[in-house]
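A.B. asks: Prediction below, plus the sequence it came from.
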Amino acid sequence: MNRIILFAIITLLLTGCTFSGEHSDLQRPNVVFILADDLGWSELGCYGNSFNETPNLDKLARQGMRFTNAYASAPVCSPYRAALMTGQYPARIGVTDYLRPDTDWHLPYAMITLAEIFKKAGYTTGMIGKWHLSGYDSDGVKSGPGKHGFDEVLISAQTGIGAGSYFHPYHKVSEKIKPVLGKKEYLTDRLNHEACEFIKRNKEAPFFLYLSHYAVHTALDSKEKDLEYFSKKEGATQALTRGTFKGMPTGEKGNPHIASMLKTIDDGLGMVLNSLDELGLSENTVVIFTSDNGGEHWVTDNAPLRSGKSSLYEGGIREPLIVKWPGSTEANSICHTPTANVDFYPTFLDITGMVSHQSHRIDGLSIVPLLKGKTLSPRSLYWHYPLAEPHFLGGKSSGAIRNGDWKLIERFDNQPLELYNLADDKGEKMNLAGQYPERVRDLHKLLTEWRKDVSAKLPKDQDFTKP
């Protein structure tokens, strides 16, 4: 049975979701969403990095659209992933910090996840890699991706977040996983391999693939051949001892471990794109690449942006984002409009012609107009990051709003408000709060009203035993 007929039959049997008339021909595209972990905004060649080598990602940018003001809705992992799956701000969901292994919290089953939307539309849904949206116990993950709409779940963490276990056996993923790429199988290589196999298995019908890498999260570890190459390259900093984490020095550009780990991510993108080409699926597949938060400043330098992971300064929340949508995105195009990862949910609804259930609140906006070279109505973006104590990477309990080129940061420890004009100062070096008191008041009012709308909890009334 050919793909179009099969999809038509499945669609006619569906209930609970509707399709827009624009997509009545049932030619909905496949979607491949590739997420790096802790990859900073300035690590890719197409974003100006001259040490790391990312030929496939740079090619993807030439084939599609590169965003210069794409944001994570949080400066750490779990809140980003919750926002991705739901299209809601982390504060509305109730998860504003990364989840510890012993937490009882997990993504609520009542949420209509992105995967569930795709599944109801007749897509096969696959999740490969890091989940980090629940805690763990002796039996493994308490509420994994298989309970939230994913048909296939592969190489996903079972006893932690998977960091620091990049070579088989993957002690935080699963002891039952057997290597298929040799005894010294590298985790990122295995994820790339499984992504291509998933595409091959599901070539006859629409699919949604969420390839969620563990790299380049610390503790850093990389393949010997790649590490040797980048360690000898001009501009390389002294390679950190394999597996080190605590006590790392302030990072610099030219870290051989990060370059090596990023190379394997880039190689995997090349493999995915080649698989799509070989199967004749490239022209009907949307490919997205981005990261969940900024790079750790202990191991890399996010300049020209300030700070890094765990911070609401730009280095902690501004991300690389590349989207290739054949027939819709203009090749080698650049978008400067601010976006956030809460926008992916409504964007995928728009691309596939799905309409979300009326009970599911969506905070993001579809960026399809941007992908087609049009504009979005002006809006503000918001962050809420309350902490009982500073993050071990240095991030402070705070909130923020970006409105146009202006960004206001409010610290929750009674520090003065900070105001920056990102058009002139994306490194956030000059606090203009004293020069523009009326703008400070206006932005702070918007931020305060938004917190009320999403029922955001401030540190004084938050139960810090749960995120």
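C.D. replies: That came through fine. Numbering: from 1, shown residues only.

A.B. asks: contacts, neighbours, all on C-alpha from now
C.D. replies: OK.

A.B. asks: Give me the mean pLDDT for stretch 89-108.
C.D. replies: For stretch 89-108, mean pLDDT rounds to 92.

A.B. asks: Same question for that stretch: list its buried residues.
C.D. replies: Of the residues in stretch 89-108, those scored as buried under the neighbour-count criterion (16 or more other Cα atoms under 10 Å) are 89-101, 104-107.

A.B. asks: just stretch 348-357 next, same as before
C.D. replies: Within stretch 348-357, the residues scored as buried using 16+ other Cα under 10 Å are 348, 349, 350, 351, 352, 353, 354, 355, 356.

A.B. asks: Can you add pLDDT and secondary structure and give those back as a markdown table?
C.D. replies: Compiled in a markdown table, the buried residues of stretch 348-357 are given as follows (pLDDT from 0 to 100; DSSP: H, G, I helix; E, B strand; the rest coil):
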| residue | pLDDT | secondary structure |
| --- | --- | --- |
| 348 | 97 | helix |
| 349 | 96 | helix |
| 350 | 95 | helix |
| 351 | 94 | helix |
| 352 | 91 | helix |
| 353 | 90 | coil |
| 354 | 86 | strand |
| 355 | 83 | strand |
| 356 | 83 | coil |
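
A.B. asks: if you look at the buried residues of stretch 89-108, which of them are in helices?
C.D. replies: With DSSP state H as the criterion, helices contain 90, 91, 92, 93 from among the buried residues of stretch 89-108.

A.B. asks: how about those in JSON lines, adding distance to residue 305?
C.D. replies: What follows is those, written out as JSON lines (distance: Cα to Cα, whole Å):
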{"residue": "90", "distance to residue 305": "23"}
{"residue": "91", "distance to residue 305": "25"}
{"residue": "92", "distance to residue 305": "28"}
{"residue": "93", "distance to residue 305": "28"}
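
A.B. asks: Just the closest of those residues to residue 129, please.
C.D. replies: Taking Cα to Cα as the measure, residue 90 is the one of these closest to residue 129, at 21.2 Å.

A.B. asks: Residue 73 is in contact with that closest one, correct?
C.D. replies: Yes. Taking contacts as Cα atoms under 8 Å, residue 90 lies within contact range of residue 73: 7.1 Å.

A.B. asks: any shared contact partners between these two?
C.D. replies: Each of 79, 80, 83 lies in contact with both residue 90 and residue 73 under the rule Cα atoms under 8 Å, 6 or more residues apart in numbering.

A.B. asks: got the contact list for residue 111?
C.D. replies: Under the criterion of Cα under 8 Å, 6+ apart, the contact partners of residue 111 comprise 86, 360.

A.B. asks: Quick check on it: phi, psi?
C.D. replies: When quoted as degrees, to the nearest 10, the phi and psi of residue 111 stand at phi -70, psi 140.

A.B. asks: What average pLDDT does the host helix or strand of residue 31 get?
C.D. replies: Residue 31 is located in strand 30-36, with elements delineated by DSSP states H and E. What strand 30-36 shows for mean pLDDT is 98.

A.B. asks: Show me what secondary structure element comes after that strand.
C.D. replies: Reading on from strand 30-36 to the C-terminus, the next helix or strand found by DSSP H and E is helix 55-63.

A.B. asks: Which other helices and strands does that following helix contact?
C.D. replies: Using 3 or more Cα pairs under 8 Å, 6 or more residues apart in numbering; DSSP states H and E as the contact test, the elements touching helix 55-63 are helix 256-278, strand 318-324.

A.B. asks: I'd like to know which elements the helix or strand that comes right after it is packed against.
C.D. replies: Where DSSP H and E defines the elements, the next helix or strand beyond helix 55-63 is strand 65-71. Packed against strand 65-71 by the contact rule (3+ Cα pairs under 8 Å, 6+ apart) you find strand 318-324, strand 333-335, strand 339-340.

A.B. asks: now those in CSV, with mean neighbour count, distance to residue 200 and mean pLDDT?
C.D. replies: Compiled in CSV, the helices and strands packed on strand 65-71 are given as follows (neighbours: other Cα atoms under 10 Å; distance: least, Cα to Cα, whole Å; pLDDT from 0 to 100):
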stretch, mean neighbour count, distance to residue 200, mean pLDDT
strand 318-324, 26, 20, 98
strand 333-335, 18, 30, 98
strand 339-340, 26, 31, 98
